[in-house]
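# Just to be clear, the model below is a prediction. Sequence and coordinates:
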Amino acid sequence: MTDTYLLHELVARSAARTPEATALTYGRAALTYGNLHEQVTGFASGLMGLGLQRGERVAIYLEKRFETVVASFGTPAAGGVFVPLNPLLKPEQVGYILRDCNVRMLVTSAERLALLQETLTACHDLRDVIVLDSAEVPTVPGGLNTLRWSELLAAPLVSGHRIIDTDVVSILYTSGSTGKPKGVVLSHRNMVAGAKSVASYLENHASDTLLAALPLSFDAGFSQLTTAFHVGARVVLLNYLLPRDVIKAIEREKVTGLTAVPPLYIQLTQLAWPESISEHLRYFANTGGRMPRETLDVLRRHLPQSKPFLMYGLTEAFRSTYLPPSEVDHRPDSIGKAIPNAEILVLREDGSPCAANEPGELVHRGALVGMGYWNDPEKTAERYKPLPVHAPGREAGLVLPEIAVFSGDTVRMDEDGFLYFIGRRDEMMKTSGYRVSPTEVEEILYATRMVGECVAFGVDDDRLGQAIQVIATPPVSGKLDVAELLAECRLRMPAYMVPAGIEVRDGPLPRNPNGKIDRKTLATEWVAINAG
């Protein structure tokens, strides 16, 4: 096997090259690439034995563990589509996803299955439930076939359906902060191209150990598996309860690469870091939102020898940009340039390219552009659009349209081609005639070192248009004095940006399933309590 085109081939290729190398660590247990490939093949054969048809969906409702990974790569090996469910989802949310994408098979544990009894009765397309081995498997609604994990893997080996790289491989459901979750459809090509691109600029290699701290249902979380498997590296699976568990795992497993979201990094900066970590942690990478400057500075003091990678991405196109570590001192507020094998455009509403430093919409074109939202043509048409005829890379003689992802995020590109995130169009606040990004307000609040976590949002105001409201938590050691913080804001912000109010709450602030602070929910709750 000289190259990989399909997702499961990432495992097969590394298994053929270094079968005895460790692929996964979970607690004190380890799984080699040879063993992982054997289980992936066995799982795929088991699905074929159950009659899985090409393109049918298999949902995985588990915490991070070996079986989660095996099912995620074994389903594509059979020609199916895997649907990873965040383990934090409640039965009602699980049921919605199972029904929305007509899941045929479900992989879960006995404990989780017991919670889904009532939910599964409404999932009419579900036929088989694969349960991890345990002392007792709970009963399931009538008509469902229940099979233990070990029974499935004992099925005779058979080949999966023939598939190609443009076939669907997965449906990743977004957090659904603006309503019901949306299923982002991704192809084998999307995921494999993403793995190769990210591994190239992070310079991943077989000696790396990556920590899987993010949910595997989150594109950046699953990317820890694909980038590692592409180069034959090791992944440590971690289900952490407290931020200090992450630091302990980095130290214990001698992790070389860490990818996390800003809220987790904010928590990590408030803890002590053993000096030894900087000796083996080769890089730390940020995704899922802008890294506050103060947080980045503290991390770099803790990790003087580790390279910082600031990244921007969206599930609809996986990953779009990164800022090389060599540029962090010069442009710490930049999200960088396009990742390898992608092109990022900044366009006006009429589709024409923006001038240097002119705000516009970030548009992503290339092999990582997803296949739309499952069964939702209206939302797909809003985000996945044909590129304008005269956009870069589009020649006049091309007849067929090229679909790109229009992110909905406002950015600007400087004279050197570096991009800067301004804000999401639907989160931008309009106050006193000014457009203000909530992330800009939060950045200044973090820089005061007077808050632990914070979130800013706009609320309707007859006088201002929108007033800026903030919800913040006290720092780990200390209290939050609202008057002092507002006085500091007045020193650091223009008058129109100073929050109209700051509400103090005990932390941590609520997250959405991808680990980001849930701005939409907090804003909705605040309005409901304070309206009138």
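Structure received.
# CA atoms for contacts and neighbours, from now on please.
Fine.
# Secondary structure class of the closest residue to residue 74 other than its chain neighbours, three-state.
Nearest residue to residue 74, sequence neighbours excluded (C-alpha to C-alpha, 6 or more residues apart in numbering): residue 40, at 4.4 Å. Here residue 40 is recorded as helix under DSSP: H, G, I helix; E, B strand; the rest coil.
# ok, and residue 405, which helix or strand is that part of?
Element membership for residue 405 (DSSP states H and E) is strand 403-413.
# so what does the helix or strand following that strand touch, helix or strand wise?
The first helix or strand that comes after strand 403-413 along the chain, using DSSP H and E, is strand 419-424. The contact analysis (3 or more C-alpha pairs under 8 Å, 6 or more residues apart in numbering; DSSP states H and E) places strand 419-424 against strand 403-413, helix 438-447.
# pLDDT (mean, whole number) over strand 419-424?
Averaging the model's pLDDT scores along strand 419-424 yields 87.
# if we can go back for a sec, keeping just the C-alphas, turn the strand holding residue 405 into CSV.
The C-alpha atoms that make up strand 403-413 are tabulated as CSV, following Å, rounded to 0.1, in the frame of the first residue of the first chain:
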residue,chain,number,x,y,z
ILE,A,403,-18.7,24.4,-4.2
ALA,A,404,-16.9,26.2,-1.4
VAL,A,405,-17.7,26.7,2.3
PHE,A,406,-18.9,30.3,3.1
SER,A,407,-18.0,30.3,6.8
GLY,A,408,-20.2,33.1,8.1
ASP,A,409,-17.1,34.4,9.9
THR,A,410,-15.8,37.9,9.3
VAL,A,411,-12.0,38.2,8.8
ARG,A,412,-9.5,40.5,7.3
MET,A,413,-6.3,39.7,5.3
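# Pick the most buried one from the helices and strands packed on strand 419-424.
Burial of the helices and strands packed on strand 419-424 is given as mean neighbour count (mean count of other C-alpha atoms under 10 Å); strand 403-413 ranks first at a mean of 22.
# now it, how far from the centre of its chain.
Distance of strand 403-413 from the chain centroid (C-alpha atoms, centre = their mean, to the nearest Å) equals 18 Å.
# Tell me what angle it forms with strand 419-424.
Following axes from the mean of the first three to the mean of the last three C-alpha atoms, to 10 degrees, one obtains 100 degrees for the angle between strand 403-413 and strand 419-424.
# Residue 40 and residue 160: what is the separation?
For residue 40, the distance to residue 160 (C-alpha to C-alpha, to the nearest Å) stands at 11 Å.
# got any ranges where the stretch 1-150 of the chain has weak pLDDT?
Applying pLDDT under 70 to the stretch 1-150 of the chain flags the ranges 1-2.
# How are the helices of it distributed by residue range?
Under the criterion DSSP state H, counting those that start in this stretch, the stretch 1-150 of the chain contains helices at 9-17, 33-49, 66-78, 91-100, 110-115, 117-120, 149-153.
# can you state the direction angle for the longest one and helix 9-17?
In terms of direction (the same axes, to 10 degrees), helix 33-49 departs from helix 9-17 by 130 degrees.
# Other residues contacting helix 33-49?
With contact meaning C-alpha atoms under 8 Å, 6 or more residues apart in numbering, helix 33-49 is reached by 11-12, 14-16, 18-23, 70-71, 73-78, 152-160.
# Mark which of those are buried, thanks.
Using 16 or more other C-alpha atoms under 10 Å as the burial test, the contacts of helix 33-49 include 11-12, 14-15, 19, 21-23, 70-71, 73-78, 152-153, 155, 160 as buried.
# quick one, domains of this structure?
As recorded under automatic domain parsing, the domains making up the chain are 29-162, 240-423, 427-530.
# Tabulate the ones you listed (a markdown table), appending distance to residue 208.
Conversion of the domains of the chain to a markdown table gives the following (distance: least, C-alpha to C-alpha, whole Å):
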| stretch | distance to residue 208 |
| --- | --- |
| domain 29-162 | 14 |
| domain 240-423 | 6 |
| domain 427-530 | 24 |
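# Tell me the buried residues in stretch 201-212?
By 16+ other C-alpha under 10 Å, the buried positions in stretch 201-212 come out as 202, 204-206, 208-212.
# so how far is that stretch from its chain's centroid?
On C-alpha atoms, centre = their mean, the centre of stretch 201-212 falls 18 Å from that of its chain.
# likewise stretch 155-169?
Remark: stretch 155-169 is offset 26 Å from the chain centroid, using C-alpha atoms, centre = their mean.
# Would you mind telling me which of the helices of the stretch 1-150 of the chain is nearest residue 249?
Residue 249 sits nearest to helix 66-78 of all these, at 17.1 Å, using C-alpha to C-alpha.
# residues in contact with that closest one?
Identification of contacts with helix 66-78 by C-alpha under 8 Å, 6+ apart yields 7-8, 24, 26, 31, 36, 39-45, 47-48, 52, 54, 58, 60, 62, 81-82, 84, 107, 159-161, 169.
# among those residues, which ones are buried?
Listed as buried from the contacts of helix 66-78 are 7-8, 24, 31, 36, 39-45, 47-48, 52, 54, 58, 60, 62, 81-82, 84, 107, 160-161, 169; burial here means 16+ other C-alpha under 10 Å.
# how far away is residue 255 from residue 153?
Using C-alpha to C-alpha, residue 255 is found at 31 Å from residue 153.
# my bad, should have said residue 253
29 Å.
# partner strands of the strand holding residue 405, parallel or antiparallel?
The strands beside strand 403-413 in its sheet (DSSP bridges) come out as strand 360-366 (antiparallel), strand 384-386 (antiparallel), strand 419-424 (antiparallel).
# still on that earlier bit, residue 193 is nearest to which of the domains of the chain?
Here domain 240-423 is closest among these (C-alpha to C-alpha), at 6.6 Å.
# Endpoints of that closest one, how far apart?
Length of domain 240-423, first residue to last, C-alpha to C-alpha: 30 Å.
# Over to stretch 468-478?
Using C-alpha to C-alpha, the end-to-end distance of stretch 468-478 comes out at 25 Å.
# Now that stretch: buried residues?
Buried, per 16+ other C-alpha under 10 Å, within stretch 468-478: 468-475.
# Is it possible to get TSV of the strands paired with strand 403-413 that adds distance to residue 402 and mean neighbour count?
Formatted as TSV, the strands paired with strand 403-413 follow (distance: least, C-alpha to C-alpha, whole Å; neighbours: other C-alpha atoms under 10 Å):
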stretch	distance to residue 402	mean neighbour count
strand 360-366	8	23
strand 384-386	5	18
strand 419-424	23	22
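# quick one: which of the helices of the stretch 1-150 of the chain is nearest residue 440?
Ranking these by proximity to residue 440 (C-alpha to C-alpha) places helix 91-100 first, at 32.4 Å.
# Make TSV from the helices of the stretch 1-150 of the chain and add distance to residue 495 to it.
Listed next are those as TSV, based on distance: least, C-alpha to C-alpha, whole Å:
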stretch	distance to residue 495
helix 9-17	54
helix 33-49	58
helix 66-78	51
helix 91-100	42
helix 110-115	51
helix 117-120	51
helix 149-153	61
